[in-house]
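Chemist: Here is my input, please return the structure:
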Amino acid sequence: MIWQTGDITWQFPRPTLVMGIVNVTPDSFSDGGKFSSADAAVDHALQLAAGGAELLDVGGESTRPGAPPVDEAEELSRVIPVIKKLVGETDTLISVDTQKPAVAKAAVAAGARVINDIAAHRADDAMWRVAAESGAGYIAMHMQGTPQTMQNAPEYDDVVATVEAFFAERLEAMAAVGLPAEQVALDPGIGFGKTAGHNLALLERLTRFTRFQRPLMVGASRKSFLGGKVTERLDSSIACACRAAADGAGIVRVHDVRETVQALRAMEAVSSEEGG
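Modeler: Numbering: from 1, shown residues only. Coordinates of the predicted model:
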C-alpha cells in the first residue's frame, strides 16, 4: 500500500509515521496560543522535527469544540509564513490543517505536501480538486457537524458502522472527481462529534477500517475523553497512539512527538522480535 504526497511516496506497512501538531492559533485547547507567532511556531516545529516527526501539521484555525471560525485572509496570514519558513529550514514534510480550499491551495504552493481536512464530509468537491490537481496527499476525516456544534450531544446508532460507511462513500466520491485513492489517508475523527464512548469504540474496532487499504491516521493526543487536565494526558495519549498503531494506524497525530516516537519504536522493536 502506498500513500502519494506530492513527489514523496510512502510505502506501508512501515514504522508508524508521527505527525507533529503545530498550532498557529491564539485559542488552541492544548497550548493556549503558545506558538501563535510565526517565529514561535517555526521554532516549535523544528523541535518536533528533531524529536522524530516525519510530518509537521500546520494549522491556523482552532478546531476545538465551540471554537469560532477564522476568515480566509486571517488563516492565510497565520499559516503561509510558517510553511514558507519551514520549507527553507527543514526537509521534514509539511501538512496544512485546513477546511478551506483556498488556504490548502496556497499552502501547497508554498511547499506543503499534505492537506489535512477535518471537513471531508462537505457537499462540494473543491478541496478534492485542489488535492487532485496539485498531487498533494489528502487526509479525509470524519466529523459530525462543525467544530461549533459537534459536541452538542452527538448520537449514532453504531459509530463504527457510520464511519466505515462514510469512508466508503467518500473514497468513491473523491475518485469520481479525479482524486486517486493512492493520495488519500483516512481519519476516524477521534473527538470530532463523538462522546467518550464513541471514541473508545472507534479505537477498539480500528481494524474494521483497514479493509479500505488506505493509511489510517489517529489523533487522540491530549483530548478530553482521556480525562484529567490537558497537562496530565501525556501517558494516556501515548497509550492511545501505541494501541492505534498496533491495530493498523499507519499515522498518529500528536503534540508530544519525542515521547511518542520513543514508545512506538520500542513497541515496534518488541513486535519485530516476536515476529522473528
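Chemist: Need the three-state assignment for the closest residue to residue 238 other than its chain neighbours.
Modeler: Spatially, and ignoring its direct neighbours in sequence, residue 238 is nearest to residue 263 (4.9 Å; Cβ to Cβ, 6 or more residues apart in numbering). Where C-beta positions appear, they are placed from N, C-alpha and C, glycine not excepted. Using DSSP: H, G, I helix; E, B strand; the rest coil, the structure places residue 263 in helix.
Chemist: how far away is residue 263 from residue 234?
Modeler: 10 Å (Cβ to Cβ, to the nearest Å).
Chemist: what do you get for residue 262?
Modeler: Counting by Cβ to Cβ, the gap from residue 262 to residue 234 is 12 Å.
Chemist: who has more neighbours, these two?
Modeler: In this view residue 262 and residue 234 are compared by other Cβ atoms under 10 Å, and residue 234 has more residues nearby, 17 against 14.
Chemist: who touches the worst-scoring helix or strand of the chain on mean pLDDT?
Modeler: Counting by mean pLDDT, DSSP states H and E, the chain has its least confident helix or strand at helix 257-275, which shows a mean of 89. Identification of contacts with helix 257-275 by Cβ atoms under 8 Å, 6 or more residues apart in numbering yields 15-16, 18, 20, 48, 51-53, 221, 234, 237-238, 241-242, 245-246, 252, 254.
Chemist: just checking, which of those belong to helices?
Modeler: Among these, the residues falling in helices (DSSP state H) are 48, 234, 237, 238, 241, 242, 245, 246.
Chemist: now, which of these sits nearest residue 174?
Modeler: For the ones in helices among the contacts of helix 257-275, the residue nearest residue 174 by Cβ to Cβ is residue 245; the value is 25.2 Å.
Chemist: Hmm, residue 252 and the closest one touching each other?
Modeler: Yes: contact criterion Cβ atoms under 8 Å: residue 245 and residue 252 qualify, at 6.4 Å.
Chemist: which neighbours do the two share?
Modeler: Both residue 245 and residue 252 are in contact with 16, 264, where contact means Cβ under 8 Å, 6+ apart.
Chemist: what's the burial count for residue 43?
Modeler: By the criterion of other Cβ under 10 Å, residue 43 has 14 neighbours.
Chemist: And it, which helix or strand is it part of?
Modeler: helix 38-50 (DSSP states H and E).
Chemist: how far is that helix from where the chain is centred?
Modeler: Mean-position distance between helix 38-50 and its chain equals 18 Å (Cα atoms, centre = their mean, to the nearest Å).
Chemist: quick one: the strands in the stretch 51-200 of the chain?
Modeler: With DSSP state E, counting those that start in this stretch applied, the stretch 51-200 of the chain shows strands at 55-59, 93-97, 114-117, 137-141, 184-187, listed in chain order.
Chemist: Can I get these in JSON lines including mean pLDDT and distance to residue 105?
Modeler: Putting the strands of the stretch 51-200 of the chain into JSON lines (pLDDT from 0 to 100; distance: least, Cβ to Cβ, whole Å) gives the following:
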{"stretch": "strand 55-59", "mean pLDDT": "97", "distance to residue 105": "15"}
{"stretch": "strand 93-97", "mean pLDDT": "98", "distance to residue 105": "10"}
{"stretch": "strand 114-117", "mean pLDDT": "98", "distance to residue 105": "9"}
{"stretch": "strand 137-141", "mean pLDDT": "98", "distance to residue 105": "13"}
{"stretch": "strand 184-187", "mean pLDDT": "98", "distance to residue 105": "18"}
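Chemist: can you put the ones you listed in TSV and add mean neighbour count?
Modeler: Below are the strands of the stretch 51-200 of the chain laid out as TSV (neighbours: other Cβ atoms under 10 Å):
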stretch	mean neighbour count
strand 55-59	26
strand 93-97	28
strand 114-117	27
strand 137-141	27
strand 184-187	26
